[in-house]
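Visitor: model this:
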Amino acid sequence: MIIIFFKRFVTQGVPMPQLRLVAADQVAGAVHVHDPQEGRPIASLTGRHLSEHAGFLRLRGGRVAFVDDLAGALVVLDPFAGEGRPAVPVTVPVAVPGEHLAADPTGRFLAVSTGCGRSPEPWSDLLTVVDLAAAPQPRAVRVRTRTGEPGVAVLGPADDPLLVVRERMPGALAVHRLTGLLAAGPGCPAVEPSARLPLPDDGHGDAADPATGRVFTATEDGVAVAVRDGRSLTAGPSLAWHGDGDGDGDGREGGREGGREGGRGYFLRLDPARRTLWSTVRGGPPEPDQWPRWTNHAWWHRIDEGRTGRLDLGPGLVFRLALSRTRAAFTRIHPSGDELVLVDRDTTGPHGPRVRARLPLPPMDGAPREGCTPWDGVQRRAVAASPAADPVAVSRGGHGEIHLYDASCGAFLRTVTTPTPLDEGGHLALVAKDDGAEGDTIGR
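Guide: Below is the predicted model of the structure:
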């Protein structure tokens, strides 16, 4: 992981808060600390292999949690440790391989589900729940639920948190009282949910809104919505992938894509400050080796107003996104050239957000090739931003480089070079202490 300092950093005349850029090289198992203003390394740690699928989970005070898939541990990292605090104040044993990671709105209670790891099929039914505030030390309990690459979300309030496990084939949202799971004994006992809400079998991608107690799940048919109702869940109206009116910020039409009506999203991300849900809707041919022909639209939903829309990002491979002070940032990989696409984070305008910049990115040796799948044995990109600042960081997988841009104006800022290559793109988090990113309670 990499930690980057942005003291005295100013973009477009706006002073930026003190930031850290955390970059995990999950292949090399390394953590690096750099000063981005000078590009010089400050520190390097070894022996930490982040679960890329579970990602980083933001906690209060600028802390970052992740699952170490080799050590079998939940690691809480303090990127601001230069102020007299340990860089890793907490480690807790958890079951691996980590699939998803989530916290309750206070950041006290966490849950880690297990997935496939190197196996081609799901095999583990272990789920770990953690109480970081337990005395005399954090408590972790493992229980058995169901195999199937489950998603997790933890709903408040803190005195009665509910763990929601998203199950696949058959699909359901399984509800557990988290305090009851923490009281389970040793030996990984099997547990049954106190309630279940039916869900399509193909759920993939989750978000939780602490303000309303809602859980959102991406499915082929749209975004399924459930809301906490006491110690259970009640289904709400689903959200369509086609949006309210398929216009877009490039002036191009949305709609039918490569023979698939509208496409679908495979992940969801909450913008807690602007009360917006984000995703990328992928359409086009279903075959993975046809990825250059995939279509991609940024999809957004205003939670409180119920308004939904999307805009065209272009063909190729687009997946996760990052939220800066004013922009939603996407990376697009394509044989004709990769780019960073910057979209308005504000979705309140009469026509929704617009694409504000398309910035070319340096090519990657070992990038996905036409006619081959874009997932295995190739280099990719990670993207990160803080909602309190303008810089956006993009990795150049396999090259040990992170490129920084000012999202407010599209200007290139600098390149940070890392001691390890960041194979497969690594994983990034750009952190400010009080940027509110912990309001998105699921790991990214």
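
Visitor: from now on I want contacts and neighbour counts done on CA atoms only, so please keep to that.
Guide: Fine.

Visitor: next up, phi/psi of the closest residue to R60 other than its chain neighbours, please.
Guide: Sequence neighbours aside, E438 is the residue nearest to R60 in space, at 6.0 Å (criterion: Cα to Cα, 6 or more residues apart in numbering). E438 adopts backbone torsions of phi -70, psi -10, taken as degrees, to the nearest 10.

Visitor: residues touching E438, list them.
Guide: By Cα atoms under 8 Å, 6 or more residues apart in numbering, the contact list for E438 reads L57, R58, L59, R60, P105, G107.

Visitor: relative to V431, how far out is it?
Guide: 10 Å (Cα to Cα, to the nearest Å).

Visitor: wait, F330 sits on L342?
Guide: Yes: taking contacts as Cα atoms under 8 Å, F330 lies within contact range of L342: 6.5 Å.

Visitor: show me where pLDDT drops low in the stretch 1-150 of the chain?
Guide: The model of the stretch 1-150 of the chain has pLDDT under 70 over residues 1-13, 33, 35-40, 42-43, 83-85.

Visitor: recalculate using a threshold of 50.
Guide: 1-7 (pLDDT under 50).

Visitor: over to the stretch 301-444 of the chain?
Guide: Checking the stretch 301-444 of the chain against pLDDT under 50 turns up nothing.

Visitor: just the strands in it please.
Guide: Using DSSP state E, counting those that start in this stretch, the strands of the stretch 301-444 of the chain run over 307-312, 317-323, 327-333, 339-344, 355-360, 383-385, 391-396, 401-406, 411-417, 427-432.

Visitor: reformat those as CSV; add mean neighbour count.
Guide: CSV is the format used below for the strands of the stretch 301-444 of the chain (neighbours: other Cα atoms under 10 Å):
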stretch, mean neighbour count
strand 307-312, 24
strand 317-323, 24
strand 327-333, 26
strand 339-344, 23
strand 355-360, 18
strand 383-385, 28
strand 391-396, 29
strand 401-406, 21
strand 411-417, 17
strand 427-432, 28
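
Visitor: ok, which of the ones you listed comes nearest A273?
Guide: strand 317-323 (10.7 Å; Cα to Cα).

Visitor: can you list the strands that the closest one pairs with?
Guide: strand 327-333 (antiparallel) (DSSP bridges).

Visitor: who's in contact with the strand it pairs with?
Guide: 313-323, 338-346, 381-383, 392, 394, 407-408.

Visitor: in three-state terms, label V31 for me.
Guide: strand (DSSP: H, G, I helix; E, B strand; the rest coil).

Visitor: as a markdown table, the strands of the stretch 301-444 of the chain with distance to G29 would be great.
Guide: Shown next, in a markdown table, are the strands of the stretch 301-444 of the chain (distance: least, Cα to Cα, whole Å):
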| stretch | distance to G29 |
| --- | --- |
| strand 307-312 | 36 |
| strand 317-323 | 22 |
| strand 327-333 | 24 |
| strand 339-344 | 27 |
| strand 355-360 | 29 |
| strand 383-385 | 19 |
| strand 391-396 | 16 |
| strand 401-406 | 16 |
| strand 411-417 | 17 |
| strand 427-432 | 12 |
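
Visitor: nearest to V227, out of the ones you listed?
Guide: Going by Cα to Cα, the one of these nearest V227 is strand 307-312, 18.0 Å.

Visitor: pretty sure H100 is touching A54, no?
Guide: Yes: counting by Cα under 8 Å, A54 is a contact partner of H100 at 4.3 Å.

Visitor: got any residues that touch both of the two?
Guide: In contact with both H100 and A54: G443, using Cα under 8 Å, 6+ apart.

Visitor: who has more neighbours out of those two?
Guide: H100 (30 against 25; other Cα atoms under 10 Å).

Visitor: and the more buried one, that's in a helix?
Guide: No: with three-state DSSP as the criterion, H100 is located in strand rather than a helix.

Visitor: and it, what does it touch?
Guide: Counted by Cα under 8 Å, 6+ apart, H100 has contacts H53, A54, G55, V112, S113, T114, P150, G151, V152, I442, G443.

Visitor: what would those residues look like in CSV with secondary structure?
Guide: Shown next, in CSV, are these (three-state DSSP):
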residue, secondary structure
H53, coil
A54, coil
G55, coil
V112, strand
S113, strand
T114, strand
P150, coil
G151, strand
V152, strand
I442, strand
G443, coil
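
Visitor: the contacts of E438: which two are farthest apart?
Guide: Spatial extent of the contacts of E438 (Cα to Cα) is set by the pair L57 and P105 at 11.8 Å.

Visitor: who touches both of these two?
Guide: Common neighbours of L57 and P105 (Cα under 8 Å, 6+ apart) are E438, T441.

Visitor: for stretch 295-306, buried residues please.
Guide: Of all the residues in stretch 295-306, those buried under the rule 16 or more other Cα atoms under 10 Å are T295, N296, H297, A298, W299, W300, H301, R302, I303.

Visitor: show me where this protein has helices.
Guide: Applying DSSP state H to the chain gives helices spanning 178-182.

Visitor: show me the beta-bridge partners of H176.
Guide: Here H176 sits in beta bridges with L163, as judged by DSSP bridges.

Visitor: hmm, it is touching L197, no?
Guide: No: counting by Cα under 8 Å, H176 stays clear of L197, with 12.0 Å between them.

Visitor: which of those two has more residues huddled nearby?
Guide: Set side by side, H176 and L197 show more neighbours around H176, with 22 against 15, by other Cα under 10 Å.

Visitor: that one and L162, how far apart?
Guide: Applying Cα to Cα to H176 and L162 gives a distance of 6 Å.

Visitor: just give me the neighbour total for the residue nearest to D201 when sequence neighbours are not counted.
Guide: Using Cα to Cα, 6+ apart and skipping residues adjacent in sequence, the residue nearest D201 is G171, 4.0 Å away. As a burial measure, G171 scores 18 neighbours (other Cα under 10 Å).

Visitor: next one: phi and psi at G171?
Guide: phi -80, psi 140.

Visitor: that one reaches P198, doesn't it?
Guide: Yes: counting by Cα under 8 Å, G171 does reach P198; the two are 6.3 Å apart.

Visitor: coming back round to it: quick one: closest of the strands of the stretch 301-444 of the chain to E121.
Guide: strand 317-323 (22.5 Å).
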